[in-house]
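Colleague: What follows is a protein structure lacking sequence information:
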């Protein structure tokens, strides 16, 4: 795994715990993974091939990436240590935070997250804004 300090990423007052995040979205045909780092790096990959690299070079994507990471920072205590990178099954989303103490994650169904009542719904919505911005590039 990438070391944040080697990459030039260090804790800030805005992001003291989280230096990056991922969102894996499971579909019938595979999965999409969005990777977002505190330095603005943002890319999306699909399990069937393809994706978008360098999204963080666009101001809108960079701003949305910052929003997603801020949501992960706000909810980091709700995430549990994770030691696998398994992609989710259809209908499930995995929200991952890359913290200075290790990777933490939580998963939930689309229905739970889309309800707006789930404790991670705001992070989920922020992640989907990043996906929408990447797809429009």
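Modeller: Perfect, thanks for sending it. If you're wondering where the values come from, they're calculated on a predicted model, not measured in any experiment.
Colleague: what helix or strand does residue 73 sit in?
Modeller: According to DSSP states H and E, residue 73 maps onto helix 59-75.
Colleague: elements contacting that helix?
Modeller: Helices and strands touching helix 59-75, by 3 or more Cβ pairs under 8 Å, 6 or more residues apart in numbering; DSSP states H and E, are strand 18-27, strand 30-37, strand 42-46, strand 92-99, helix 121-135. (Glycine included, C-beta is placed from N, CA and C.)
Colleague: In a markdown table: those, plus distance to residue 63, mean neighbour count and mean pLDDT.
Modeller: Listed next are the helices and strands packed on helix 59-75 as a markdown table, based on distance: least, Cβ to Cβ, whole Å; neighbours: other Cβ atoms under 10 Å; pLDDT from 0 to 100:
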| stretch | distance to residue 63 | mean neighbour count | mean pLDDT |
| --- | --- | --- | --- |
| strand 18-27 | 15 | 23 | 96 |
| strand 30-37 | 11 | 21 | 95 |
| strand 42-46 | 10 | 19 | 94 |
| strand 92-99 | 19 | 23 | 97 |
| helix 121-135 | 9 | 20 | 95 |
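Colleague: before we move on, the earlier item: ok, residues contacting the helix holding residue 73?
Modeller: Applying Cβ atoms under 8 Å, 6 or more residues apart in numbering, the set of residues contacting helix 59-75 from outside is 14-18, 20-21, 23, 36-38, 40, 42, 55-56, 79, 95, 97, 119-120, 122-123, 126-127, 129-130, 133-134, 137.
Colleague: May I see the helices and strands packed on helix 59-75 arranged in TSV, with distance to residue 113 as well?
Modeller: Shown next, in TSV, are the helices and strands packed on helix 59-75 (distance: least, Cβ to Cβ, whole Å):
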stretch	distance to residue 113
strand 18-27	10
strand 30-37	15
strand 42-46	18
strand 92-99	6
helix 121-135	4
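Colleague: Look up the closest residue to the spatially most central residue of the chain, ignoring the ones flanking it.
Modeller: Computing the C-alpha centroid of the chain and ranking residues by Cα atoms, centre = their mean puts residue 22 first, at 2.7 Å. Distances taken as Cβ to Cβ, 6 or more residues apart in numbering put residue 96 closest to residue 22, at 4.1 Å, once the chain neighbours are dropped.
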